[in-house]
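**Student:** coordinates only, no sequence provided:
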DNA sequence: TTTTTATTGAAAATTATTTCACAAATCGAC
DNA sequence: GTCGATTTGTGAAATAATTTTCAATAAAAA
């Protein structure tokens, strides 16, 4: 499992490459150089070549990369050739926006179930997604074999909900709460902390000038 | 400008520390060790000590850190002792959720103006925030001296809108669009790419096991 | 007071990531 | 076919970030 462990920094860039390759493909370009890619995705061209090289020699010297085969390759690598179902927990403010966000348009991920405590929305369908009561969380995750959840609950219940999700067999959590949840070592958490991002941006503005 | 340039990795962790210090403060704790912090924020304790030490000797050997003075220090560093106004551009799906999100609860940032093309919502007030038509973007940013914008417009107009915002004097952009926008070197962009985060999570699930 | 325990700060070592720079390969023109 | 222009892939160097280690110091216990 894994083609000799790619650096994490590289892994995080793969979706960016994948996305731009799709754009190139849609506009019928069939070759691309690392320099051209570099400008579009704002990653140094040497870094791009290095990233690609972890997967073998994907390009041709003096020519560049073939868009279609590169696209096909990354599609496979990123598991975008199969549909991945995810559950959304907490249909509030942000949760609702993410239900509508339609990850499926840009990636082969679909929110196939949502959960909320509020009795007035439980057992309804919002944006085409069935909302289950929180009490069914574990059972539904198990039954539907859902391995990924998007966590948009209030911070105060985040750890509890996480524990249930993990008990239900979840392996990955996209965590929008500010709480750094505790999970067993085999579960992966990806934090998206909006307040943090803003504060970091402000810090950089105040303390660094002119790029970098 | 800057206390001898802190590493970027450190800068990104500052808001996490700040947040937990607030929690400690609110629960009337007055000392904390790097080990305790480590468990809460899921950052290795040596990394925490190293991070803090860039700002000088903030703790006491054999004792730990004084919550209040550390909090006060970070509040200053992160500019959280003053109110920062931000503008939100694009009051769609996600934009609306962010308007309601209330950054102000967790940080001293307030969305003080929003912009949208749709004539039916221009010149209304949503969640206490005035919505201006897109045509006024540059002027309002200038008049209100807004330095930070949150970009939640469709990808197709992202570069255009960015250019106007930059023309209006913006220095930092929290970019929720998947487009890597081009900006002059003195403008900082912080990308929040939800599709990316999901794809990265899936990649890690498939290709790495047991943490790391 | 003395001893033990806890805990920081910092140097050094390690690991990770990026960047440079160039030989080798390929293409396209003539 | 040969030449010149491109562009990859990759060692080596540079830079960045994390982790180990431990002396120094503070507080608590004896």
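**Tutor:** Now that the structure is in, tell me what you want to look at. In this text, all values refer to a predicted model and were calculated from it rather than measured experimentally.
**Student:** hey, let's count contacts and neighbours off CA atoms from now on
**Tutor:** OK.
**Student:** give me the contacts around the longest helix along chain A.
**Tutor:** Using DSSP state H to define each element, chain A has its longest helix at helix A:8-26. Contacts to helix A:8-26, defined as C-alpha atoms under 8 Å, 6 or more residues apart in numbering or on different chains, come from residues A:30, A:37, A:40-41, A:51, A:67-68, A:70-71, A:74-75, A:78, A:106, B:196, B:199-200, B:203-204.
**Student:** if we use 6 Å, what do you get?
**Tutor:** Counting contacts by C-alpha atoms under 6 Å, 6 or more residues apart in numbering or on different chains, the residues outside helix A:8-26 that touch it are A:51, A:71, B:196, B:200.
**Student:** so residue A:148 makes contact with residue A:169?
**Tutor:** No: taking contact to mean C-alpha atoms under 6 Å, the distance of 9.1 Å between residue A:148 and residue A:169 leaves them out of contact.
**Student:** contacting residues for the residue nearest the centre of chain A?
**Tutor:** Nearest residue to the geometric centre of chain A (C-alpha atoms, centre = their mean): residue A:174, 7.5 Å. Contacts for residue A:174 were tallied using C-alpha under 6 Å, 6+ apart; they are A:150, A:190.
**Student:** that one sits in which helix or strand?
**Tutor:** Mapping residue A:174 onto the secondary structure by DSSP states H and E places it in strand A:172-175.
**Student:** quick one: strands adjacent to that strand?
**Tutor:** Sheet pairing of strand A:172-175 (DSSP bridges) gives strand A:148-151 (parallel), strand A:188-191 (parallel).
**Student:** after the helix or strand bottoming out on mean pLDDT in chain A, next one along is what?
**Tutor:** Among the secondary structure pieces of chain A, namely its helices and strands, helix A:103-106 has the lowest mean (mean pLDDT, DSSP states H and E), a mean of 82. Using DSSP H and E, the helix or strand that follows helix A:103-106 towards the C-terminus is strand A:109-116.
**Student:** flag the shaky bits of chain A, pLDDT-wise.
**Tutor:** Within chain A, the segments meeting pLDDT under 70 span A:1-4, A:210-212.
**Student:** more crowded one of residue A:148 and residue A:169?
**Tutor:** When residue A:148 is set against residue A:169 and neighbours are counted by other C-alpha atoms under 10 Å in any protein chain shown, the residue ahead is residue A:148, at 29 against 18.
**Student:** so is the residue of chain A most remote from its centre in a helix, a strand, or just coil?
**Tutor:** Of all residues in chain A, residue A:62 has its C-alpha farthest from the mean position, at 33.9 Å, by C-alpha atoms, centre = their mean. The three-state label for residue A:62, taken from DSSP: H, G, I helix; E, B strand; the rest coil, comes out as coil.
**Student:** distance-wise, check it relative to residue A:70.
**Tutor:** Computed as C-alpha to C-alpha, to the nearest Å, the residue A:62 to residue A:70 distance reads 16 Å.
**Student:** do the same with residue A:44
**Tutor:** Relative to residue A:70, residue A:44 is positioned 18 Å away (criterion: C-alpha to C-alpha).
**Student:** which one of the two is surrounded by more residues?
**Tutor:** In this comparison of residue A:44 against residue A:70, neighbours counted by other C-alpha under 10 Å, the higher total goes to residue A:70 at 20 against 14.
**Student:** my read is that one is in a helix, agree?
**Tutor:** Yes: with three-state DSSP as the criterion, residue A:70 is assigned to a helix.
**Student:** tally of neighbours for the residue nearest to it when sequence neighbours are not counted?
**Tutor:** Of all residues beyond its chain neighbours, the one nearest residue A:70 is residue A:58 (7.1 Å), with distances taken as C-alpha to C-alpha, 6 or more residues apart in numbering or on different chains. Residue A:58 has 16 neighbouring residues, counting by other C-alpha under 10 Å.
**Student:** separation between residue A:58 and residue A:64?
**Tutor:** With the distance defined as C-alpha to C-alpha, residue A:58 ends up 9 Å from residue A:64.
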